[in-house]
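Trainee: Coordinates only, no sequence provided:
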């Protein structure tokens, strides 16, 4: 199996996990669909994490019937991509300080996923965003906690997937 095939397979599996997580709903389309995206971002890098976040959210929202309309879910999926990029950038940039990188990336991910998302959506959704604050906070913190717990339990071979892939020449 080539490096490209392995990577595509893992991305597809993570999107599938996002869809499964999306079936664990807290309110409307607020669910546990971003946990696989956060995990993908750590293991595969920010770019692939962004892909998992976008498609994972869109499939999850589609299965829920786009409760907040398709344009709103496109905005949310795009903001999730931004979140994964920043989250992954911080994790990668400060990898030499693992505790600090985890704490800062979690705080920034929360700030993007909850206050920033709701502030951007306020002109469109109005006062409804106040109802979304608590479930979105719970979902975001749960997704981030699941990410850290699962990542801590993963074998080093998976944690170092991108490093291992760089070492593999052609296979």
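Mentor: Cool, the structure landed. The structure displayed is predicted, hence computed values, not measured ones.
Trainee: top helix in this structure by residue count?
Mentor: helix 128-153 (DSSP state H).
Trainee: What is it packed up against?
Mentor: Here helix 128-153 touches strand 25-27, strand 30-31, helix 35-44, helix 98-111, helix 117-125, going by 3 or more CB pairs under 8 Å, 6 or more residues apart in numbering; DSSP states H and E. Bear in mind the C-beta positions are built from the backbone N, C-alpha and C, glycine included.
Trainee: Save the ones you listed as JSON lines, and put in mean pLDDT too.
Mentor: Shown next, in JSON lines, are these (pLDDT from 0 to 100):
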{"stretch": "strand 25-27", "mean pLDDT": "75"}
{"stretch": "strand 30-31", "mean pLDDT": "80"}
{"stretch": "helix 35-44", "mean pLDDT": "94"}
{"stretch": "helix 98-111", "mean pLDDT": "96"}
{"stretch": "helix 117-125", "mean pLDDT": "95"}
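Trainee: for the ones you listed, which one sits closest to residue 81?
Mentor: helix 35-44 (8.9 Å; CB to CB).
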